[in-house]
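Novice: Generate coordinates for the sequence data below:
(chains A, B, C and D)
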2 protein chains.
Amino acid sequence: MTEGSYKQFCPVAMASEVLCSRWTMIVVRELVCGSTRFNDLKRGVPRMSPALLSKRLKDLELAGVVQRVAGGGKGGGYEYRLTPAGRELEPIVKAIGFWGQRWVETAPTLQNVDPELLMWDMRRSVNVAALPRQRTVVQFTYTDRPEKKRSYWLIVEANGTVDVCSIDPGFEVDLYVSTDLRTLTAIWLGLTTIHAETENDRLTVVGDTALERTMSNWLGLSSFAAERKLAPA
Amino acid sequence: MTEGSYKQFCPVAMASEVLCSRWTMIVVRELVCGSTRFNDLKRGVPRMSPALLSKRLKDLELAGVVQRVAGGGKGGGYEYRLTPAGRELEPIVKAIGFWGQRWVETAPTLQNVDPELLMWDMRRSVNVAALPRQRTVVQFTYTDRPEKKRSYWLIVEANGTVDVCSIDPGFEVDLYVSTDLRTLTAIWLGLTTIHAETENDRLTVVGDTALERTMSNWLGLSSFAAERKLAPA
DNA sequence: CGGGATCCAGTTCGATACTG
DNA sequence: CAGTATCGAACTGGATCCCG
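Specialist: Numbering: from 1, shown residues only, chains lettered A, B, ... in the order given. So this is what the prediction gives:
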């Protein structure tokens, strides 16, 4: 990718031609995390133009990392499924993430907050097993966002499916979480904790008491949250 | 690194901004393999312009992956040394290389042969311990190359330092290896063996009998050579 | 929903030459 | 040895519109 390759026979270079062009690793992360539909992938990389996403997917298909198959079930369309080669990228994505968690400075990271993206990521990490076996609705309100983009709803259905939306779905809300976007992002990244930020009053949680007490169980964090940050401040 | 970042707080994205711009991973590979001087790095990435190499090194310094220090010992200049963060990239580089070895098709790989680069890589992988404790000179002749770029000399000094040159150093040659460039590259990559290619008559070795017999011991291969290729033909 | 096509501005890259 | 300087060519990516 990026025609005009490195012209090196070394396996690192050959693989880098496939994996290390702009956006590619992020798309692979989305695939590894389980997204298969174009529009789902797009939600995971909102700053990437659809044209470019399409091109990258084609490149990955050519490289044997994904397979484009007619979408099962709903509405036609296509699915992008990882091939065996693609599945073997998971450890690489993880290793890169761990390295980032350990060594990339956090300050610039926390410039890149985005409520839609955070909700989308949280949706994936919710620990459904830690929630009651009935529909649970949590409303997140980002106090520092403009009126229109302030609230999001996390809906966990009784059957375990998790949805996110940015318009009030009308269901009764079980728990209200209110904070600023950077605080919740920092929590999700493991840079601080629900407990600490509650003490701080930067995070307020009201509603169902059981849900409130178990929040650190059902609110899954980034898969890299456990790793200690080592980058110099 | 490609200004205009991904604007994602995910650690994979943050790390990819540092690592996944064009050429960067290859430069990191060179650093991990032990090169520290600008010109040594340049030999490892001959198709990269010095201007771009310089920029990438600056970016890596800014990211905390390398440290630029006044060169010790000889002639001044600078050295680029991996920081602790940089050293932790080694498993990532290895993982990428293994993946490339397993899953990237070999046909295009073998288009990218380059005698200087192969010699430079072989220099790093020579198993000095398997050679006699005295100066050993091996002449490689690539029968398919134009007269001027046909022969290279691998010189292992008694003290264990390994050098490569493309002009006859004048020393007595202990072993003559004659083959085409693709064959030796394929051997180095583990796609075939010295034995098989000798049987084939694509590889001819003459000279010191002991050196000849032990060639597969002292001629180190790519660090990924052991991994089986799985990519579909 | 799931993309493809087009356009254009901005960047980046590579080649070569050159310097302290 | 260790890079800069320069310049044209190539590529990228965002926006927008379109289509089935």
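Novice: okay, CA-based contacts and neighbour counts for the rest of this
Specialist: Fine.
Novice: Show me what the mean pLDDT comes to for stretch A:202-214.
Specialist: Average pLDDT, stretch A:202-214: 98.
Novice: try stretch A:154-169
Specialist: On average, stretch A:154-169 scores 93.
Novice: List the buried residues of it.
Specialist: Residues of stretch A:154-169 classed as buried by neighbour count (16 or more other CA atoms under 10 Å in any protein chain shown): A:154-157, A:160, A:162, A:164, A:166.
Novice: Determine which two of the residues you listed are furthest apart.
Specialist: A:Gly160 and A:Ser166 (19.7 Å; CA to CA).
Novice: for the helix or strand of chain A with the lowest mean pLDDT, which positions count as buried?
Specialist: Sorted by mean pLDDT, DSSP states H and E, the helices and strands of chain A end with helix A:106-109, the least confident at a mean of 85. Within helix A:106-109, the residues that count as buried by 16+ other CA under 10 Å are A:106, A:109.
Novice: re earlier: in strands only, show me the buried residues of stretch A:154-169.
Specialist: A:154-156, A:162, A:164 (DSSP state E).
Novice: Quick check: next helix or strand after the least confident helix or strand of chain A?
Specialist: helix A:115-125 (DSSP states H and E).
Novice: Convert that next one to CSV, retaining C-alpha atoms only.
Specialist: C-alpha atoms of helix A:115-125 as CSV (Å, rounded to 0.1, in the frame of the first residue of the first chain):
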residue,chain,number,x,y,z
PRO,A,115,-18.4,11.0,22.9
GLU,A,116,-19.7,8.9,20.0
LEU,A,117,-16.5,7.0,19.8
LEU,A,118,-16.3,6.5,23.6
MET,A,119,-19.9,5.2,23.7
TRP,A,120,-19.2,2.9,20.8
ASP,A,121,-16.1,1.5,22.5
MET,A,122,-17.9,1.2,25.8
ARG,A,123,-20.7,-0.7,24.1
ARG,A,124,-18.2,-3.4,23.2
SER,A,125,-16.7,-3.7,26.7
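Novice: Can you tell me the number of residues neighbouring A:Phe224?
Specialist: When neighbours are counted by other CA atoms under 10 Å in any protein chain shown, A:Phe224 registers 21.
Novice: and the nearest residue to it once chain neighbours are set aside, what is it in contact with?
Specialist: Spatially, and ignoring its direct neighbours in sequence, A:Phe224 is nearest to A:Phe98 (5.9 Å; CA to CA, 6 or more residues apart in numbering or on different chains). Applying CA atoms under 8 Å, 6 or more residues apart in numbering or on different chains, we find A:Phe98 in contact with A:224, A:227, B:11-12.
Novice: in chain A, what spans have low per-residue confidence?
Specialist: Within chain A, the stretches with pLDDT under 70 are A:1-4, A:72-76, A:233.
Novice: Sketch out the strands for it, chain order is fine.
Specialist: For chain A, strands defined by DSSP E occupy the ranges A:66-70, A:78-82, A:136-142, A:151-156, A:162-165, A:175-179, A:203-207.
Novice: any chance of those strands in a markdown table, plus distance to DNA strand D?
Specialist: Output for the strands of chain A, formatted as a markdown table (distance: least, CA to the nearest atom of the strand, whole Å):
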| stretch | distance to DNA strand D |
| --- | --- |
| strand A:66-70 | 13 |
| strand A:78-82 | 11 |
| strand A:136-142 | 23 |
| strand A:151-156 | 23 |
| strand A:162-165 | 22 |
| strand A:175-179 | 28 |
| strand A:203-207 | 32 |
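Novice: could the ones you listed be laid out in JSON lines, adding distance to chain B?
Specialist: Formatted as JSON lines, those follow (distance: least, CA to the nearest CA, whole Å):
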{"stretch": "strand A:66-70", "distance to chain B": "12"}
{"stretch": "strand A:78-82", "distance to chain B": "13"}
{"stretch": "strand A:136-142", "distance to chain B": "17"}
{"stretch": "strand A:151-156", "distance to chain B": "19"}
{"stretch": "strand A:162-165", "distance to chain B": "19"}
{"stretch": "strand A:175-179", "distance to chain B": "18"}
{"stretch": "strand A:203-207", "distance to chain B": "20"}
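Novice: can you tell me which of those strands comes nearest to A:Leu41?
Specialist: Nearest of the strands of chain A (CA to CA): strand A:78-82, 9.4 Å.
Novice: and the angle for that closest one with strand A:66-70?
Specialist: Interaxial angle of strand A:78-82 relative to strand A:66-70 (axes from the mean of the first three to the mean of the last three CA atoms, to 10 degrees): 150 degrees.
Novice: Do any residues in strand A:78-82 lie close to DNA strand C?
Specialist: Yes. Using CA under 7 Å from any atom of the strand, strand A:78-82 reaches DNA strand C at A:78-79.
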